Each structure stands twice: as structure tokens, then as C-alpha cells.
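Engineer: What would the 3D arrangement of this be:
(one chain, ligands or ions: 1)
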Amino acid sequence: MNNQSPTDTMEKVVSLAKRRGFVFPGSEIYGGLKGTWDFGPLGVALNNNIKREWWKMFVDSREDMYGLDAAILMNATVWEASGHTGAGFADPMVEDTKTGERFRADHLLKDGGIDAEGMTLEEIDATIIERNIKSPSGNPLSPARQFNLMFETMIGATAGPGGQVYLRPETAQGIFVNFKNVVDTMAPKLPFGIAQIGKAFRNEIAPREWLFRVREFEQMEIEYFVKESDWEAQFELLRQAIVRWHAHLGLSDANIREYEVPGNDLAHYSKRTIDFEYNFPGKGFDELAGFAYRTDHDLKSHMAASGKSMEYIESDGTRFVPHVLEPSFGVGRAFTAVLCEAYTEDEMNGEVRTYLKLPNHLAPYRVAVSPLLKNKPRLVEKAREVFSLLKAEFGNVAWDDNGNVGKRYRRQDEIGTPYCIVVDFDTLGEEAPEHRDTVTVRHRDTGTQERIAITELAAYIR
Ligand code: GAP
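Structural biologist: Next up is the predicted model:
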């Protein structure tokens, strides 16, 4: 049944996400706000499940990881020390002089077959004039200027440069500035990591492709501190952990690729970076998560700028600044990949059906419970009992008594609920006493049904 084009698949995923309460355009009733999206009831459930599973895998199940939740607003000096206020975190931007639309100058040059890597703004301007490069609407372009991607704001009532702060463009720096605090309070042994999940903001010139490039998003990041001599061994272990994480999200091997960033494209402080790419329908392979060896660059920069030691002291008194490995994941990109991978169309009972083949641990609802008929009080009462039992056990249990059973199955399939439970007359022991206190459990992927004792339900669907 999956013979639609990949672009169709992406459009169908976006449409299902809107229709079924996963993702809405931000500020929709006011015409929206570009680069922002709101997660609806099912979207927040899926997002939370992704984040919970990540935390379980990378923090709770390990002895070498420590959690952190740093403030979004940080002293502005942090971003000077990290290099984010400079050209390293800016893109060259030009404007269509008629429509005011903004474009990445390097992208426009690239479309014209010119590599703008390393060009100064003056060189970009000269090339635009020389090659007569216009905006996509055919209009003249403004001179290029560096556009920094950080959102600026003012703190408190202070006006002027002293009060300026930024919305963090990555969670990572909150980890570096707390390195000493974690070492002093937790006495971790190297190698160890500090993990954080939180919002990040980037004033992208051209937000695009649904949740792929947005201005407000969430990251799940780890800074993993190692001895320099140990970086290669630890890099391989973490790389394998990232591979396991993507499998845990249900992403197939065929849709994941590791892109080894070539030496000349690496940041000056990075000795190795791998981009984990996902094969997004209609877009092809693009970055899902990044994994970089950043040497001791970050801690040394903060040590120089703050004047505070970032050294780690071994039990024998040896002092040194640890090196760092950084796995960095975007929650929205993981969310998109999970939905694209799960989106399935097949034929059941002669009808086309759409369902989300989500792993059980990610599905917004683990199970839906319904009475066969909603106008039979004894069925409803018994179904409510089963619902309450499972609700206490799992939390994410849906009550669904709308329409007939077939319609309920389709509705739950479309949002990825792995099991539907129906309480019928057999459950009450009215038609077949041997089935008393058993229910029908229907499986999402196959449509097959089984009778299971109520007392065994929780263990069965766990
Ligand atoms: N601390 C390293 C860092 O932030 P990055 O490659 O800029 O590295 C890491 O970002 C991840 O954050 C990306 O792999 C992507 O998943 C996500 N990400 C970055 N910018 C994003 C944006 N504008 N919209 C959505 N996700 C984004």
C-alpha cells in the first residue's frame, strides 16, 4: 500500500499531526508565527515519551551520567566566551530589495554554482554584482550582512548594553558553566557526563520543513568529560550508544546514516564529528543529531573568560582540563523521524487504513478501553473498572466509546495506540460463562484479537 511518493508521505504526516492533535502551527488564530509550532495533547505525550526514554537510556540506566537543568537566560559573557556572539554563529544574509524577504547569501550563491565558504561580506557582494545574482523572485539583492542567530532581549528594567541577555541557542553552555559545580558536589570519576534537556532558540533566517528548522526547539545534550588519551575509546562507546538510541526510537537501519564530517569542514577545535542523518521523506538524508569531539576548547575558553579554574583534580593531585565529547539531539527532529517511520498505510477488511506503527514505549496512549455498547450500563460499568485498573498502572490510557467498535479501532490505529480493549457481554459472563472476566484485546498492527483475563491485562500489554 505504501506506493505514495515520499513528498506525499511527509504531507500526510504533517496533516495527520494537525488533524489528530499532535502539532499545531504556533499562534494559529493570529495568522501564525513563522518558525514556531505548538504541541497538542498527543504531540506532548509523544514528545514526553521520547524525552523520558532518552533520560532513562542516557542518564538513569548509567552510573557515569549526571542530570542538569540550567537557566535559559545566562550572563551574556557566556556567549562571548563560547564564541556565539561572533561570526561563528552568524549567517551571511541578503534581502530582496522589493519584497524584503531574507535569504542566506551563501545558499543563493551555492544555487548559482559558487562556493561561498570563507568569503568575506565584500567578496559576497562583489560576486553578486559580477554574476548578476537576483533573489528567487528575480529582484535585486541588498548588500550582505552577518546575521547573528541569537535572540537578544533585556533583563529587568535595565536599558543599554549592561542589561542585554540572549535566549540560549544551545543547552550545552549551561553544562560547561556548571562543570565545576557538578564536580564539587558529586565527586564524579572520569569519564563522566552531564546531561540536559531543554529549550533552545535560534533566529533562523529561513525556518522551513515543519519541525526541521525552527526558531524555538528542544535539545537533549550530553557533555561527556574524558582524559585526552581516552577520547577515541570513549567516542566509540558513545557512538554505539547513539546507534542503540536510534534503534530504540524504532528508526530502521536503512533510514539512518552516519556522516563523517570531513576534516576541512570541522570547527577548528573539533577533531572528529559525526552527523547522524535520517532519511526524511521528500527531503532525503539530513541531520538528526550531531556527535562531536570538542577537545578541551569549551572548558578552556570559560576558564580564560571567567578566571575560574575548570581543572579536574585526580586523587593523586594531578590537575588538568578534561576533553569533551558532545552528543547533541534535537527533540523535534527525533519526533519527526519517529512519525515518518511509523506512518503506514495498508488494507484491512477491504478498506484502506492509516496507522502509526509506533513502538509501545513511545505511543501517546498505551491502550484504549471501551464498552462494546455505550448504552448498556453494565458494560459501561465493567469497562470503567478495567479502564481505572489500567489507568492506575500506565497513566496513558484512553477511554473511547464514540461510534461503533470498527470506527474506534481506526481512530486508535491512526494515533498509534498499540492495543484496544473491548468489554463485551462475554466479559459479564452472560453468553459464555467460561469467558467471564476476560476481554477482547485487539492488536493495532495485525488487527488480530485475543481474549485475555482482566487479571492478566497489565502484564500482557506492558
Ligand atoms: N551543542 C551543539 C549544537 O547545538 P547543533 O548541530 O547546532 O549542535 C544540535 O544542534 C541538534 O539540535 C541538531 O542535530 C538538530 O537536531 C537540533 N537543531 C539545531 N538547530 C535546529 C533548528 N533550528 N530547528 C530544529 N532543530 C535544530
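
Engineer: from here on, contacts and neighbour counts on C-alpha atoms
Structural biologist: OK.

Engineer: For whatever helix or strand residue 441 lives in, enumerate the helices and strands it packs against.
Structural biologist: Taking DSSP states H and E as the criterion, residue 441 maps to strand 438-443. In terms of contacts (3 or more CA pairs under 8 Å, 6 or more residues apart in numbering; DSSP states H and E), strand 438-443 is packed against strand 419-423, strand 449-453.

Engineer: avg pLDDT for the helix or strand residue 409 falls within?
Structural biologist: Per DSSP H and E, residue 409 falls inside helix 405-414. Averaging pLDDT along helix 405-414 gives 96.

Engineer: these two touch, right, residue 416 and residue 354?
Structural biologist: No: using CA atoms under 8 Å, residue 416 is not in contact with residue 354, being 9.6 Å away.

Engineer: Name the residue in the two with the higher neighbour count.
Structural biologist: residue 416 (27 against 21; other CA atoms under 10 Å).

Engineer: Now residue 17. Its backbone dihedrals?
Structural biologist: When read as degrees, to the nearest 10, the backbone of residue 17 gives phi -60, psi -40.

Engineer: residue contacts, the residue of the stretch 101-250 of the chain found nearest the ligand?
Structural biologist: The minimum distance from the stretch 101-250 of the chain to the ligand, using CA to the nearest ligand atom, falls at residue 213 (3.5 Å). By CA atoms under 8 Å, 6 or more residues apart in numbering, the contact set of residue 213 is 35, 204, 206, 207.

Engineer: Name only those of these that count as buried.
Structural biologist: Buried residues within the contacts of residue 213, counting neighbours by 16 or more other CA atoms under 10 Å: 35, 204, 207.

Engineer: doesn't the first one fall inside a helix?
Structural biologist: Yep, that's residue 35 we're talking about. No: read with DSSP: H, G, I helix; E, B strand; the rest coil, residue 35 is coil and lies in no helix.

Engineer: Quick check: it touching residue 209?
Structural biologist: No: between residue 35 and residue 209 there is no contact under CA under 8 Å: 9.4 Å.

Engineer: how near is the closest residue to the ligand within the stretch 1-150 of the chain to residue 276?
Structural biologist: Residue of the stretch 1-150 of the chain nearest the ligand, by CA to the nearest ligand atom: residue 35 (8.3 Å). Residue 35 sits 23 Å away from residue 276, going by CA to CA, to the nearest Å.

Engineer: How about residue 327?
Structural biologist: Remark: distance between residue 327 and residue 276 (CA to CA) = 10 Å.

Engineer: Find the residues that touch each one of the two.
Structural biologist: 289, 290, 291.

Engineer: Can you give me the buried ones in the helix or strand where residue 128 lies?
Structural biologist: Assigned by DSSP H and E, residue 128 belongs to helix 121-130. For helix 121-130, a neighbour-count test (16+ other CA under 10 Å) marks 121, 124, 125, 127, 128 as buried.

Engineer: Stretch 189-199 now?
Structural biologist: Using 16+ other CA under 10 Å as the test for burial, stretch 189-199 gives 191, 192, 193, 194, 195, 196, 197, 198, 199.

Engineer: residue contacts, the nearest residue to the second one once chain neighbours are set aside?
Structural biologist: Yep, that's residue 192 we're talking about. Nearest residue to residue 192 in three dimensions, chain neighbours excluded: residue 64, at 4.7 Å (CA to CA, 6 or more residues apart in numbering). By CA under 8 Å, 6+ apart, residue 64 lies in contact with 188, 189, 191, 192, 193.

Engineer: from the buried ones among the contacts of residue 213, which has minimum pLDDT?
Structural biologist: Ranking the buried ones among the contacts of residue 213 by pLDDT puts residue 207 at the bottom, with 89.

Engineer: Could you pull up phi and psi at that residue?
Structural biologist: Per degrees, to the nearest 10, the backbone of residue 207 is at phi -60, psi 140.

Engineer: Hmm, it is touching residue 33, no?
Structural biologist: No: counting by CA under 8 Å, residue 33 is not a contact partner of residue 207; they are 10.6 Å apart.

Engineer: what touches both of those two?
Structural biologist: With CA under 8 Å, 6+ apart, residue 207 and residue 33 have no common neighbours.

Engineer: For residue 196, which three-state class applies?
Structural biologist: On the basis of three-state DSSP, residue 196 is classed as strand.

Engineer: correct me, but it touches residue 72?
Structural biologist: No: when contacts are counted by CA under 8 Å, residue 196 is not listed as touching residue 72 (11.7 Å).

Engineer: got the contact list for the strand holding residue 441?
Structural biologist: With CA under 8 Å, 6+ apart as the criterion, strand 438-443 contacts 418-424, 426-427, 448-454.

Engineer: how about the residues of this protein that lie near the ligand?
Structural biologist: 170, 172, 202, 212-215, 217, 219, 287-290, 328-330, 333 (CA under 6 Å from any ligand atom).

Engineer: Point out the ones among the residues you listed that are inside strands.
Structural biologist: The strands, defined by DSSP state E, take in 217, 219, 287, 288, 289, 290, 328, 329, 330 from these.

Engineer: and the first one, what are its bridge partners?
Structural biologist: It stands for residue 217. Bridge pairing for residue 217 (DSSP bridges) gives the partners residue 200.

Engineer: you'd agree it is up against residue 203?
Structural biologist: No: Residue 217 is beyond contact range of residue 203, at 11.1 Å (criterion: CA under 8 Å).

Engineer: out of the two, which sits in the more crowded spot?
Structural biologist: The neighbour count for residue 217 versus residue 203, taken as other CA under 10 Å, is higher for residue 217 (22 against 19).

Engineer: about what we covered before: please check the ones in strands among the residues of the chain next to the ligand and keep the buried ones.
Structural biologist: Applying 16+ other CA under 10 Å to these flags 217, 219, 287, 288, 289, 290, 328, 329, 330 as buried.

Engineer: just curious, which of the residues you listed is nearest to residue 343?
Structural biologist: Nearest to residue 343, judged by CA to CA, of those is residue 288 at 18.0 Å.

Engineer: List the contacts of the closest one.
Structural biologist: Each residue near residue 288 by CA under 8 Å, 6+ apart is listed here: 275, 276, 277, 278, 329, 330, 333, 334.

Engineer: With residue 379 instead?
Structural biologist: 371, 372, 373, 423, 424, 425, 428.

Engineer: And the strands in the stretch 151-300 of the chain?
Structural biologist: 152-154, 164-167, 192-201, 216-226, 256-260, 272-280, 284-293 (DSSP state E, counting those that start in this stretch).

Engineer: and the helix or strand containing residue 386, average pLDDT?
Structural biologist: Taking DSSP H and E as the definition, one finds residue 386 inside helix 377-394. Averaging pLDDT along helix 377-394 gives 97.

Engineer: Now do that helix: distance to the chain's middle.
Structural biologist: 34 Å (CA atoms, centre = their mean, to the nearest Å).

Engineer: Could you do stretch 257-269 as well?
Structural biologist: Worked out by CA atoms, centre = their mean, stretch 257-269 lies 22 Å from the chain centre.
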